[in-house]
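Colleague: dropping the sequence and predicted coords here.
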Amino acid sequence: MYTKEEAQALLKKVLSYSKADECEVGLNFRMGGNIRTAQNAVSTAGETDTTNIFVSSTFGKKTGSASINEFDDASLEKVVRRSEELAQLAPENPEHMPLLGPATFKPSATWNADTAAMTPDTRAELIAQSMKATKEAGLVQAGFLENSSGGAAVMNSKGLFAYNKSSDVTFSVTTRNDAGTISGYAARGFTDIKKLDTYGATKIATMKANASKDAKAIEPGKYTVILEPTAGAYMLENMFRFDARSAEEGRSFLSKKGGTRLGDQLMDEKVTIYSDPFDPDLPSATWDRDGLPLEKTYWIEKGVVKNLSYSRYWAEKKGVKPVPGPSNIIMQGGNTSLEEMIASTERGILVSRLWYIRMVDQQSLLLTGLTRDGTFYIENGKIKYPVKNFRFNESPVIMLNNVEALGKPERAISVESYRSYMIPPMKVRDFTFSSLSDAV
Amino acid sequence: MKRRDFIYLSGLGAGAMMLPDLSAFGKSINAQDLLAPIDAKAKKALADVALNAARSAGASYADVRIGRYLSQFVATREQRVQNVSNSESFGVGIRVIANGCWGFAATNDVTKEGMAKTAARAVAVAKANAKIGGKPVELAPQKGYGEVSWKAPIEKNAFEVPIKEKVELLLAANAIATKGGANFVNSAIAMINEQKYFASTDGSYIDQDIHRISPNFQVTRIDPDTREFQSQPSLSSPMGMGYEYLTPLASEKVTGVVTRYKQRYDMLEDIKQATVNAGEKLKARSVEPGKYDLVLDPSHLWLTIHESVGHPTELDRVLGYEANFAGTSFVSLDKLNSKSFKYGSEHVNIHADKLQKGSLGAVGYDDEGVKCGEWEIIKDGVLVNLQAIRDQAKMIGLNQSQGCCYADSWDSVQFQRMPNVSLKPGKNPLSQEDMIKNVEKGIFIVNNGSFSIDQQRYNFQFGGQLFYEIKNGKIVGQINDVAYQANTREFWNSCAAVCDERDYRLGGSFSDGKGQPQQVSAVSHGSATARFNGVNVINTKRRIG
């Protein structure tokens, strides 16, 4: 791990070799470990440690980039020379933007020393706790625990320097019986390892598994659904690209005849989505890849498209201020608990997890995917019985027009990208299930 | 499962993502360095250090993979070059069995000292994991091959072709699209060379040289009146070939309502017709949902084969090893052992082939030193075999592995990955035209679009790129907003005919995802055009705002 001072000294040395008009040097470092389980045993475990120096040299509008993972003086000079040679060979980039000068960035809250100090033993102990819960329930688990600590620093020939370090841990577990006729799932992610209770999370997965016994088939169709945050995060992340350029070019769900949907009431007024690098539950770095400071930014406010992100090039072309893209995503919630959502539902489906979501139509953001690992029928305010899984065809934009109630946002992991978001439980009407699946 | 499209979140988790994650691709290097292989003798000497160190530390088995992964990527947009990059990732992964348990460690310190230390680390991990318990690992026996090598049978190393030539091809393609009315066009060529050296305590020292290439583009047209847009990707396939794939050859073309390609690809011709097709698709009528007989071109069917046969017949999924992520399978050992599980109709003959010419998954030996070959998975519609690696072979009654082990990098642990899994062509003469002549109400689907399947591979939904309506034996024009849904077994049992070998082509994926942490693999799937009767088609048109 590099401290701010160590990173600064290293990058300064690399920059000193530059002969280009402009030069940007960066440092990425990451240490991490993981442990995977299947059939109530460890199946694989590993550790990684990577560090890279990245150099970008520009002559006029010609830029070349190179990287290296050797840190002796000769290697550092070699990577600078290589980027300069590549710059001389490169075609001019008409979208080249000059580097930014010095700036002050607020400190981030992304670092946690306890998480960074995790060892193979702490990982093994957390998995042992999880297995305890599985075995107590008489079930079989497959799970994955991963922690990483790392950071990035950037320095350029205009005097800009930025540094950030971060640490995270994620855990997920699927519990099934030997016959494979029931299944439950739980996933957790934190900056602070002390918040991770693998035993508690696994208990929830075992309870869901046992409750999913003898799932019944019911007709697909439009249902009121209650999406737990793990399901909602995976559904919505396909929408979290609020890019002005693609919208203005006419190839985004945020395009419309005559321009973009900026300022339009696109969703229910209960929907507010923003990014905030200072959120204590989901902190992010406070600067972006261009060296712009990151601040709290509303993308959707009370259902209205409030901001689009503008790269520095596109902002200059359009005569507006650059707006960095989202550094994290937080969807504002409401005061309705999951229990209250269930209690207020006459006929609906509780969805624990979604799976294999893919884009069907870019224009409408129509997605298809399936429910998985805990799907339950609700009738007259109560969970009546588990149901077989459904395939859905739905757009997150249409879905967010049909929001009936929101709960308190929780940090939730998307089950495929492994990114974390703050997403509330959502009660949504007219969610389109198009067919049934026999999968458990 | 194909790895999902990258969801771009500018600056998300910026602490680690502000700069390109070069660790995923390796470090950038000069183009000439891509052509300088490492001497096999030097690799053998290093591998022996690791094997001896592992044995001394208490390993009962060890294998060493010294991997050098080279890639070149050239990308353009309209008239400009967006990116040219050469990268290299070099290091060693050491896997051991100690106290009956697997252990793994990797390093980019490929020196004698680095090898010895890493081997000791791998043994320590195995011993630590052994304390948690579980059944001891039992490997299928594998003879040592001594010092052997295997090279992909390419004709023209893509890394030897000057970047200028590649840039000129892509910009020429973009110019054709723009001239033809495209509003936007992106094009790229990705090239990969895996130089893999495997050694094990069984006595194998295997040096392999593997090449892959993926030329592709995307053309977008926007209707100025409605502001609706349609994009068309290339009809190329990623291939286990050299640059010869980009040399057009008339004999490798399949003509018809749209030209498709076998083992040679004409990018300039393809982008011209894609630009026209995108314009026609903007005006195409939306499909009426209902039951249709589907005629599926190999450029589309490969993905259906991949998802609904390739993945469910992976033994590690059957056993539950992917239960937390990619899922398990509806296939069970009971179904296999019954020797009568009807997976599809009698037209369905599906085999695995690790040596298939031009395929992405072609290797001489897998990543645990097993010599590769071919075997049947579905014979005349009946499930007859699965895909296994050394520590699973015994479970399906095999006395040796089928060579399905692969790791996507030297620092990834190898595990069970899909071989090339393909539908064999029909035995009786049948052309695509003859097949369409017999369809009353159907849709001919070309190229793959969206794809999704449940975690046990029962229920799937597939889109496509080009949809041609068939009425009374004739193609009558493009339609739009088509996706079909089916249950895997019902779908394959509805297979009514497969064209003969004249129509056989490969499709495939450069980046099939599986495992935690997720790894990717490249795999091809061949077929001739096939017909499936009475499949449920849905309309995917929606409006927002």
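Modeller: Great, that's in hand.

Colleague: identify the residues contacting the closest residue to A:T48 other than its chain neighbours.
Modeller: Closest residue to A:T48 apart from its sequence neighbours, by C-beta to C-beta, 6 or more residues apart in numbering or on different chains: A:G32 at 5.5 Å. In this view, the C-beta of every residue, glycine as well, is placed from N, C-alpha and C. A:G32 makes contact with A:E47, A:T48, A:D49, A:E146, A:N147, A:S148, A:S149, A:G150, according to C-beta atoms under 8 Å, 6 or more residues apart in numbering or on different chains.

Colleague: contact partners for the first one?
Modeller: I take that to be A:E47. A:M31, A:G32, A:G33, A:N34, A:P120, B:A105.

Colleague: export those as a markdown table, with columns for secondary structure, pLDDT and distance to A:M426.
Modeller: Below are those laid out as a markdown table (DSSP: H, G, I helix; E, B strand; the rest coil; pLDDT from 0 to 100; distance: C-beta to C-beta, whole Å):
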| residue | secondary structure | pLDDT | distance to A:M426 |
| --- | --- | --- | --- |
| A:M31 | strand | 89 | 36 |
| A:G32 | strand | 88 | 32 |
| A:G33 | strand | 89 | 34 |
| A:N34 | strand | 92 | 31 |
| A:P120 | helix | 84 | 38 |
| B:A105 | strand | 90 | 43 |
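
Colleague: now these: which count as buried?
Modeller: Neighbour counting with 16 or more other C-beta atoms under 10 Å in any protein chain shown marks A:M31, A:G32, A:G33, A:N34, A:P120, B:A105 as buried within these.

Colleague: mind listing what the first one touches?
Modeller: Yep, that's A:M31 we're talking about. So A:M31 contacts A:M1, A:E47, A:T48, A:D49, A:A116, A:S148, A:S149, A:G150 (C-beta under 8 Å, 6+ apart).

Colleague: tell me the residues of the stretch 101-250 of chain B that contact chain A?
Modeller: B:101-106, B:108, B:125, B:128-129, B:132-135, B:167, B:183-184, B:220, B:222, B:226-229, B:231 (C-beta under 8 Å from any C-beta of the partner chain).

Colleague: kindly recompute the last result at 10 Å.
Modeller: For the stretch 101-250 of chain B, the contact set with chain A under C-beta under 10 Å from any C-beta of the partner chain comprises B:101-108, B:121-122, B:124-126, B:128-135, B:163-164, B:167, B:171, B:183-184, B:220-231.

Colleague: looking at those residues, which are in helices?
Modeller: Among those, the subset assigned to helices under DSSP state H consists of B:R121, B:A122, B:A124, B:V125, B:A126, B:A128, B:N129, B:A130, B:I163, B:K164, B:V167, B:L171.

Colleague: among those residues, who's most crowded?
Modeller: Counting neighbours by other C-beta atoms under 10 Å in any protein chain shown, B:A122 comes out on top of those with 31 neighbours.

Colleague: ok, and the closest non-adjacent residue to it?
Modeller: Leaving out its chain neighbours, the residue that sits closest to B:A122 by C-beta to C-beta, 6+ apart is B:A105, at 4.0 Å.

Colleague: the ones in helices among the residues of the stretch 101-250 of chain B next to chain A: which two are farthest apart?
Modeller: B:A130 and B:L171 (57.4 Å; C-beta to C-beta).

Colleague: so how far is B:G381 from the residue located most distally from the centre of chain B?
Modeller: In chain B, the greatest distance from the average C-alpha position (C-alpha atoms, centre = their mean) is reached by B:D225, at 39.2 Å. Distance from B:D225 to B:G381, counting by C-beta to C-beta, to the nearest Å: 50 Å.

Colleague: one more: B:V482?
Modeller: 27 Å.

Colleague: next: A:P229.
Modeller: 44 Å.

Colleague: so which of those two has more stuff around it?
Modeller: Neighbours per residue (other C-beta under 10 Å) separate A:P229 from B:G381, with A:P229 holding more: 24 against 18.

Colleague: can you tell me the SS state at the closest residue to chain B within the stretch 201-350 of chain A?
Modeller: Residue of the stretch 201-350 of chain A nearest chain B, by C-beta to the nearest C-beta: A:G325 (2.6 Å). Under the three-state scheme (DSSP: H, G, I helix; E, B strand; the rest coil), A:G325 adopts coil.

Colleague: neighbours of it, how many?
Modeller: A:G325 has 25 neighbours, counted by other C-beta under 10 Å.

Colleague: close enough to count as contact, it and A:T297?
Modeller: Yes - contact criterion C-beta atoms under 10 Å: A:G325 and A:T297 qualify, at 9.0 Å.

Colleague: which neighbours do the two share?
Modeller: When contacts are counted by C-beta atoms under 10 Å, 6 or more residues apart in numbering or on different chains, A:G325 and A:T297 are jointly contacted by A:F242, A:S275, A:S309.

Colleague: okay, those residues in TSV with distance to chain B, pLDDT and neighbour count next?
Modeller: Below are the shared contacts of A:G325 and A:T297 laid out as TSV (distance: C-beta to the nearest C-beta, whole Å; pLDDT from 0 to 100; neighbours: other C-beta atoms under 10 Å in any protein chain shown):
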residue	distance to chain B	pLDDT	neighbour count
A:F242	9	96	26
A:S275	8	98	27
A:S309	6	98	24
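
Colleague: from those residues, which land in strands?
Modeller: The members of the shared contacts of A:G325 and A:T297 that map onto strands under DSSP state E are A:S275.

Colleague: which stretches of the stretch 301-440 of chain A form helices?
Modeller: With helices called from DSSP state H, counting those that start in this stretch, the stretch 301-440 of chain A shows them at A:312-318, A:338-343, A:396-399.
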